[in-house]
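Peer 1: how would this look folded up:
(chains A and B, ligands or ions: 2)
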Amino acid sequence: MMSDAISHAILPGIVVAFLLTQDLSSPLLVLAAGATGVLTVSLVELLGRTGLVARDAAIGLVFPALFSIGVVLIARYAGDVHLDTDAVLLGELAFAPFRRLTLLGVDLGPRSLYLMGAILFLQIALLLLFYKELKLATFDPAFAAAIGLAPAALHYGLMATVSVTVVGAFDAVGSVLVVALMVAPPAAAHFFVRRLSAFLALSAAFGIATAVVGYALARALDASIAGSMAVSAGAIFSLAFLLAPERGLVAAWLRRRSQRWEFAQETLAIHLLQHRGLPEEQEECRVAHLEQHLGWSAERAAEVVRRAENRGLVRREADLLSLSEAGVALGKERLST
Amino acid sequence: MTTTQPENAIEIADLTVAYRERPVLWDVDLVVPRGILMAVVGPNGAGKTTLIKAIMQLVRPAAGQVLILGRPIRAQRRIVAYVPQRGSVDWDFPTTVLDVVTMGRYGRLGWFRSPGRSERDAALETLRKVGMEELRDRQISQLSGGQQQRVFLARALVQDAEVYLMDEPFQGVDALTERAIVELLRELRARGKTVVVVHHDLQTVPEYFDWVTLLNVRRIASGPVAEVWTERNLRLAYGGRMAILAHELAPAPQLRASPAPDER
Ligand SMILES: Nc1ncnc2c1ncn2[C@@H]1O[C@H](COP(=O)(O)OP(=O)(O)OP(=O)(O)O)[C@@H](O)[C@H]1O
Ligand SMILES: [Mg+2]
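Peer 2: Numbers count the residues shown, from 1 in each chain, chains lettered A, B, ... in the order given. Ligands and ions are numbered 1, 2, ... in the order given. From the prediction side, this is the model:
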């Protein structure tokens, strides 16, 4: 998958080099391609290292992104050169309805509809039949082999159906859209679910949403349908990446933030507990003193105290703080672990 | 021998396994009687994992023969449970703890049949035994190393096999859990099952196991702990580093005196 990704993703590098040299045979083109290849790999690595997306998904995201930048560059600046978009994008979805299936002279409708419909039917049938086997062979091939389910055969069977799907879809929608639709919806679904069945259902739903939104976008902007769908696939993934509850970037950030306040309140409780009932209490347990003792800024100290008060952990008389029952309990619990 | 209940759980004859040219198991003969709890010990790289994999036919031997309860493994996969040393699983896969344990029943179900209520109940019951029922809906990657190990142990237990092959099941589990697992293994033995465990803690071998195989490319010794757990055999298995190990034969009782915990 990586090599495939690189071969496509280097397109913007070649285009930029061509625009600079205006010469299709310049050796600079090769250098630029190489540089973009390295860029692709590093982007994939970076995205993969965030731990939020699997490596394969990271490849699938970086490569259509860079490739589409290349396509845009060609369309914008190099329209009359042989590096045209159609050559690399191939099948344009808008033409699909014009390739008809005719039988005995009767027009039965678009050919792609029948082809992809048959493939869909085949996929669903195989999935229902081999659901448990495919699940285990994908999740843990060694265990599948150990209990006598033939994981290698299952794997090649799966790959074969994937190939059939890709070839069929390629003809209808072009290469970029095939990859975008195969990678982005499942990658987006991955942020929401923990079960394979839910994962498959949600992936399909995201795929349908991608197509509908993409088509509407193309109509509204009078732009390429395939391009718009690729954009909507990317947008759906980005939204999921950012906004998914629990596993999205925003949720992770909010969680970290609330944990920080939580931790600060615990620290406050422990501090107050340790000076409770001791002579220095009047001195130590003042809001102003927290700044000095715990190294908090005045605003931070005030905010922590406000939150702790709201939760009923501390009471406050003028500037003097004291722990409530709940606060004592929390402090003791934290000290004991 | 194959008509009624065969006596031996595993019979290995002349087993040689080589990765590329170099043999890592050399002409191993081994007989594992039914209903025992056996440790396989030997230094890193001794071929313990390879032995287990060869029994499971997950690596192809260069020579030799393996019988499980008198028949070749391919006829016996349903009654052999295997816990690998390092899971080969796809940790990102959308699957929960309960789901993974249920997979232990897939072999019994065979092709095309889906797991149902009874499989789920069996999985839940086993999760309870390894103290993991509260985490049953966790995604599998969101567990600690020891918890992951317990999930895979539960998956093997739920198979309800005749022969259990476990490659370092105690790796990364805490002391209390280790005791609880040993109790589970003893229960299996009491029910007539055969359990083979690759084990690294030499001190606990006499306490946990009744049978032991010492391995280092060749089979050094195999038999009841009382007979083969000798300094001479350990020296043969571990070679020159034996000085460090000398005290292991006389386990310091104060270190291991705590009784096995009751099942919580
Ligand atoms: N897939 C492989 N390809 C090549 N050599 C291998 C492979 N797996 C293991 N080996 C080699 O075979 C030998 C035996 O390995 P094995 O994993 O069986 O050891 P082990 O006794 O289980 O060790 P450990 O205690 O570290 O788990 C080692 O020297 C190892 O380097
Ligand atoms: Mg090993």
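Peer 1: can you show me the helices along the stretch 151-264 of chain B?
Peer 2: Using DSSP state H, counting those that start in this stretch, the helices of the stretch 151-264 of chain B run over residues B:175-190, B:205-208, B:225-228, B:231-238, B:242-245.
Peer 1: the stretch 201-337 of chain A too?
Peer 2: Residue ranges of the helices in the stretch 201-337 of chain A, as given by DSSP H, counting those that start in this stretch, are A:225-243, A:249-274, A:281-284, A:287-293, A:298-310, A:325-336.
Peer 1: I'd like to know which of those is closest to B:D137.
Peer 2: helix A:249-274 (18.1 Å; C-beta to C-beta). Backbone N, C-alpha and C define where each C-beta goes, glycine included.
Peer 1: ranking the helices of the stretch 201-337 of chain A by burial, who's on top?
Peer 2: helix A:225-243 (a mean of 21; mean count of other C-beta atoms under 10 Å in any protein chain shown).
Peer 1: got the angle between that one and helix A:249-274?
Peer 2: Calculated by axes from the mean of the first three to the mean of the last three C-alpha atoms, to 10 degrees, helix A:225-243 forms an angle of 10 degrees with helix A:249-274.
Peer 1: for helix A:225-243, name the packing helices and strands.
Peer 2: helix A:55-77, helix A:175-189, helix A:196-221, helix A:249-274 (3 or more C-beta pairs under 8 Å, 6 or more residues apart in numbering or on different chains; DSSP states H and E).
Peer 1: show the average pLDDT along the first one.
Peer 2: Put plainly, it is helix A:55-77. Here helix A:55-77 scores 69 as its mean pLDDT.
Peer 1: likewise the second one?
Peer 2: Averaging pLDDT along helix A:175-189 gives 81.
Peer 1: so what touches stretch A:281-301?
Peer 2: Residues outside stretch A:281-301 that contact it (C-beta atoms under 8 Å, 6 or more residues apart in numbering or on different chains): A:264, A:267-268, A:271-272, A:275-276, A:278, A:302, A:304-305, A:316, A:319-322.
Peer 1: run through the residues that contact B:A39.
Peer 2: B:A39 touches B:197-199, B:205, B:208-209, B:211-213, counting by C-beta under 8 Å, 6+ apart.
Peer 1: tabulate the CA atom coordinates of the helix or strand hosting it in CSV.
Peer 2: Assigned by DSSP states H and E, B:A39 belongs to strand B:37-41. The C-alpha coordinates for strand B:37-41 follow below in CSV (Å, rounded to 0.1, in the frame of the first residue of the first chain):
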residue,chain,number,x,y,z
LEU,B,37,0.5,-30.0,34.9
MET,B,38,3.9,-29.7,33.2
ALA,B,39,6.4,-26.9,33.0
VAL,B,40,8.7,-26.4,30.1
VAL,B,41,11.9,-24.6,31.2
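Peer 1: near ligand 1, which residues of the stretch 1-150 of chain B?
Peer 2: B:19, B:24, B:42, B:44-50, B:85 (C-beta under 6 Å from any ligand atom).
Peer 1: strands paired with the strand holding B:A39, and their directions?
Peer 2: Strand B:37-41 pairs in its sheet with strand B:194-198 (parallel), strand B:211-216 (parallel), by DSSP bridges.
Peer 1: near the residue in the stretch 51-200 of chain B that ligand 2 sits nearest to, how many other residues are there?
Peer 2: In the stretch 51-200 of chain B, the residue that lies nearest ligand 2 is B:Q85 (4.6 Å; C-beta to the ion). Neighbours of B:Q85 under the rule other C-beta atoms under 10 Å in any protein chain shown: 15.
Peer 1: which residues touch it?
Peer 2: If you count contacts by C-beta under 8 Å, 6+ apart, B:Q85 has them with B:49, B:167-168, B:171, B:198.
Peer 1: inside strands: which ones of the residues you listed?
Peer 2: The members of the contacts of B:Q85 that map onto strands under DSSP state E are B:167, B:198.
Peer 1: among the contacts of B:Q85, which one has the lowest pLDDT?
Peer 2: In terms of pLDDT, the lowest of the contacts of B:Q85 is B:Q171, showing 85.
Peer 1: these two touch, right, that residue and B:F152?
Peer 2: No. Counting by C-beta atoms under 8 Å, B:Q171 sits too far from B:F152 to count as a contact (10.7 Å).
Peer 1: what about these two, which has more around it?
Peer 2: It is B:F152, of B:Q171 and B:F152, that has more neighbours when counted by other C-beta under 10 Å, with 24 against 15.
Peer 1: excluding its backbone neighbours, what's nearest that one?
Peer 2: Leaving aside its chain neighbours, B:F152 sits nearest to B:V83 (5.4 Å; criterion: C-beta to C-beta, 6 or more residues apart in numbering or on different chains).
Peer 1: indicate whether the strand holding B:A39 makes contact with ligand 2.
Peer 2: No. Using C-beta under 5 Å from the ion, strand B:37-41 stays clear of ligand 2, with a minimum separation of 9.4 Å.
Peer 1: ok and that strand relative to helix B:175-190, angle-wise?
Peer 2: If you take the same axes, to 10 degrees, strand B:37-41 sits at 120 degrees to helix B:175-190.
Peer 1: tell me who's in contact with the closest residue to chain B within the stretch 151-300 of chain A.
Peer 2: Closest approach between the stretch 151-300 of chain A and chain B, counting by C-beta to the nearest C-beta: A:F199, at 4.2 Å. Neighbour list for A:F199: A:186, A:189-190, A:193, B:94 [criterion: C-beta under 8 Å, 6+ apart].
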